[in-house]
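Asker: heads up, no residue letters with this:
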């Protein structure tokens, strides 16, 4: 399984229980069994059938603007994992030491990446 990046405008549809990316230049089959997660950095139409397939297979999809700004994510419904994640985040937020540690880490990482070009 691997990560897929969609950087061309087009549409993502379900075809024969797998994915197909279509645009005016090409049609490309993406085997759903091979998709760990997907990063969409273009204007892409996605059908509800594709979202159902992502949910069934546990594929997380992240959406970005054409400028690389994070827009949001699609997380398949997995109540146990999502609930555990939220509980863990709240515990870290309520613990002053953990919150300060995370804030320092975020700041340090931001400094470390300052000056890097965005693509």
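Answerer: Okay, I see it. It should be emphasised that the depicted structure is a prediction, and the values quoted were computed from it without experimental measurement. Numbers count the residues shown, from 1 in each chain.
Asker: break the protein down into its structural domains.
Answerer: Following the assignment in automatic domain parsing, the chain carries domains at 2-74, 79-113.
Asker: for those, which has the smallest mean pLDDT value?
Answerer: When the domains of the chain are ranked by mean pLDDT, domain 79-113 comes last with a mean of 78.
Asker: next one: that one to chain centre, how far?
Answerer: Its chain's C-alpha centre and that of domain 79-113 lie 19 Å apart, by CA atoms, centre = their mean, to the nearest Å.
Asker: next: stretch 5-15.
Answerer: The answer for stretch 5-15 is 14 Å, by CA atoms, centre = their mean.
Asker: do the same with stretch 41-58
Answerer: 11 Å.
Asker: by contact count, what packs against the longest helix along the chain?
Answerer: Identified as the longest helix of the chain according to DSSP state H is helix 96-113. Judged by 3 or more CB pairs under 8 Å, 6 or more residues apart in numbering; DSSP states H and E, helix 96-113 is in contact with helix 79-94. (Each C-beta comes from the backbone N, C-alpha and C, glycine too.)
Asker: what's the spatially most central residue of the chain in contact with, if anything?
Answerer: Centroid-nearest residue in the chain, with CA atoms, centre = their mean: residue 62, separated by 2.3 Å. Residues in contact with residue 62 (CB atoms under 8 Å, 6 or more residues apart in numbering) are 37, 38, 39, 40, 70, 72, 73.
Asker: residue 11 should be in a strand, yeah?
Answerer: Yes - Residue 11: assigned to a strand according to DSSP: H, G, I helix; E, B strand; the rest coil.
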